[in-house]
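S.K.: Sequence plus predicted model, see below.
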Amino acid sequence: MRVRINKKISMALTLGLGFGFFASASFANIVRVSQTASTPGACGDWSSYRTFVERFVQADGRVIDYSTPAQQTTSEGQSYGLFFALVANDRATFDRLLGWTRTNLAGNQFDAQNVRLPSWLWGKKPDGSYGVLDPNSASDSDLWIAYDLLQAGRLWHEASYTQLGQALAAQIARQEMTNLPGVGPMLLPGPQGFKNGGVTRLNPSYLPLPVLRALAHEAPDGPWGKLADSAYKLVKTTAPQGFAPDWAAWQNGQFVVDPKNGDIGSYDAIRVYLWAGLASPADPLAKPWLAALGGMRARVAQTGIPPEKVSSTTGAASGEGPLSYWGALAPYFKALGDERGLGLARTRLAALDAGVPGREPVYYDRVLGLFGTAFIDGRYRFDEAGRLVPSWRNACD
């Protein structure tokens with residue numbers, strides 16, 4: 001089974017940055033909210049991206065989460081790194097990340113004619129050597145890698161990326177999909193270990209609407225358009241209080257609370273709000289998807305902070321979410337037109353660039369911070385077909 005070590009350790013390292021610290025930050029140094037991709041902030045130096053590459057990406061293209069004992073690399077980290085490199089128009093880093101993924105996570109079986117789903121976890125083994133720690137793949141990362149390749153092929157006019165992305169998408173559809181009667185196609189978290197004894201375990205954060213739309217556009221004969229509809233049903237049904245759970249399940253013809261992890265929403269679920277905020281307003285599912293997740297907006301409006309953990313069935317909450325949560329919620333607040341929530345997010349995210357003496361930067365904070373700040377600053381957006389629209393493609397010419 002897949003265990004997300006990095007998010008739990010991220011919490012332990014970042015919760016020391018309490019509300020009082022952030023509340024004292026001045027709004028005077030916060031850039032005004034970008035309304036379009038043509039604002040100056042979208043075209044200037046992306047120092048946060050450079051910091052991410054310098055700190056977390058090895059020269060050979062490996063993304064390392066230093067907060068873990070195994071110095072682990074995940075297919076998730078590689079997929080996000082590829083996306084950021086594309087947003088930054090940094091093809092050299094994109095190719096390094098892709099090369100490392102091909103060699104180490106896919107066993108050199110990663111071309112259009114022979115593509116293997118990459119292993120999700122790589123790092124230091126008990127004997128001190130480095131290699132694959134879990135050969136199972138992670139479908140969310142696979143979706144993002146396929147998406148990154150398809151968009152890179154389009155934006156950089158490189159057919160080999162497109163062909164590999166199409167081949168990977170076909171493998172995802174073949175190995176990581178199931179069908180839920182009365183709902184439609186659904187993404188399994190991975191090929192192995194998620195269908196047992198009549199229970200199918202699911203992860204709502206694995207289904208970004210823009211990614212599904214783009215795959216549907218590139219592969220109209222695939223399950224992707226119907227999967228978007230199924231994903232919305234999953235999110236809406238499992239968030240009765242407007243809060244997404246980390247995990248859910250399908251049993252006896254209905255969505256139920258996950259028997260393993262319960263109804264708690266925390267470090268996985270925070271991305272559900274992020275993906276909803278990133279979706280194009282022109283997408284017919286964008287508005288209802290956001291409406292299904294209204295609990296988080298209401299809670300932050302009431303308390304000034306996102307809860308670290310929340311029950312998706314009762315709304316009972318505890319703790320204070322770390323910086324990564326604010327990175328995820330910034331696009332969500334922007335999409336909702338919630339200026340107060342967006343202002344709170346901007347104030348707290350300023351700490352990512354300011355840094356804290358004696359505190360190492362945390363992988364998950366940096367990753368979700370890049371997604372969030374680059375979006376609200378206009379460095380990228382998605383159109384209604386899910387295609388990536390980076391600022392360098394038009395506004396920065």
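M.R.: Thanks, I have it.
S.K.: quick one, what contacts the residue nearest in space to the middle of the chain?
M.R.: The residue lying closest to the centre of the chain (CA atoms, centre = their mean) is R271, at 5.6 Å. With contact set as CB atoms under 8 Å, 6 or more residues apart in numbering, R271 has these partners: S205, A328, L368. Where C-beta positions appear, they are placed from N, C-alpha and C, glycine not excepted.
S.K.: Which one (most neighbours) among those residues?
M.R.: Neighbour counts for the contacts of R271 (other CB atoms under 10 Å) peak at A328, which has 31 neighbours.
S.K.: quick one: that residue from Q241, how far?
M.R.: 18 Å (CB to CB, to the nearest Å).
S.K.: any weak-confidence spans in this structure?
M.R.: 1-41, 355-359, 395-397 (pLDDT under 70).
S.K.: any idea which residue of it is furthest from its center?
M.R.: Most distant residue from the mean C-alpha position of the chain: D127, 31.9 Å away (CA atoms, centre = their mean).
S.K.: ok but that residue is inside a strand, no?
M.R.: No: D127: not assigned to a strand; according to DSSP: H, G, I helix; E, B strand; the rest coil it is coil.
S.K.: State the three-state secondary structure for the residue lying closest to P135 once chain neighbours are set aside.
M.R.: Once flanking residues are discounted, P135 sits nearest to S119: 4.8 Å by CB to CB, 6 or more residues apart in numbering. In three-state terms, and counting by three-state DSSP, S119 is coil.
S.K.: wait, S119 sits on V132?
M.R.: Yes: the criterion here is CB atoms under 8 Å, and S119 meets it with V132 at 4.5 Å.
S.K.: of these two, who's got more company?
M.R.: Using other CB under 10 Å, the more surrounded residue of S119 and V132 is S119, with 22 against 17.
S.K.: what's near enough to touch that one?
M.R.: With contacts defined as CB under 8 Å, 6+ apart, the neighbours of S119 are S75, L105, A106, V132, D134, P135, N136, S137.
S.K.: filter those to the buried ones?
M.R.: S75, L105, A106, V132, D134, N136, S137 (16 or more other CB atoms under 10 Å).
S.K.: In strands, which of these fall?
M.R.: In this view, these that belong to strands under DSSP state E are V132, D134.
S.K.: Out of the buried ones among the contacts of S119, which two are the most distant from each other?
M.R.: A106 and D134 (14.0 Å; CB to CB).
S.K.: on that earlier part again, backbone phi and psi for the residue farthest from the centre of the chain, please?
M.R.: Phi and psi for D127, reported as degrees, to the nearest 10, are phi -80, psi 0.
S.K.: And the one 3 residues further on, by the same measure?
M.R.: For Y130, the backbone dihedrals (degrees, to the nearest 10) come out as phi -120, psi 140.
S.K.: So the residue nearest to the centre of the chain lies in a helix, does it not?
M.R.: Yes: secondary structure of R271 (three-state DSSP): part of a helix.
S.K.: Against G372, how distant is it?
M.R.: Distance of R271 to G372, given as CB to CB: 11 Å.
S.K.: list residues touching both of these two?
M.R.: By CB under 8 Å, 6+ apart, R271 and G372 have these common neighbours: A328.
S.K.: Mind jotting down where the helices sit in the stretch 1-150 of the chain?
M.R.: Remark: helices assigned in the stretch 1-150 of the chain by DSSP state H, counting those that start in this stretch are 5-14, 19-23, 47-56, 75-87, 91-100, 139-155.
S.K.: Turn the ones you listed into JSON lines, including distance to R387.
M.R.: As requested, the helices of the stretch 1-150 of the chain are exported to JSON lines (distance: least, CB to CB, whole Å):
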{"stretch": "helix 5-14", "distance to R387": "29"}
{"stretch": "helix 19-23", "distance to R387": "35"}
{"stretch": "helix 47-56", "distance to R387": "21"}
{"stretch": "helix 75-87", "distance to R387": "12"}
{"stretch": "helix 91-100", "distance to R387": "17"}
{"stretch": "helix 139-155", "distance to R387": "7"}
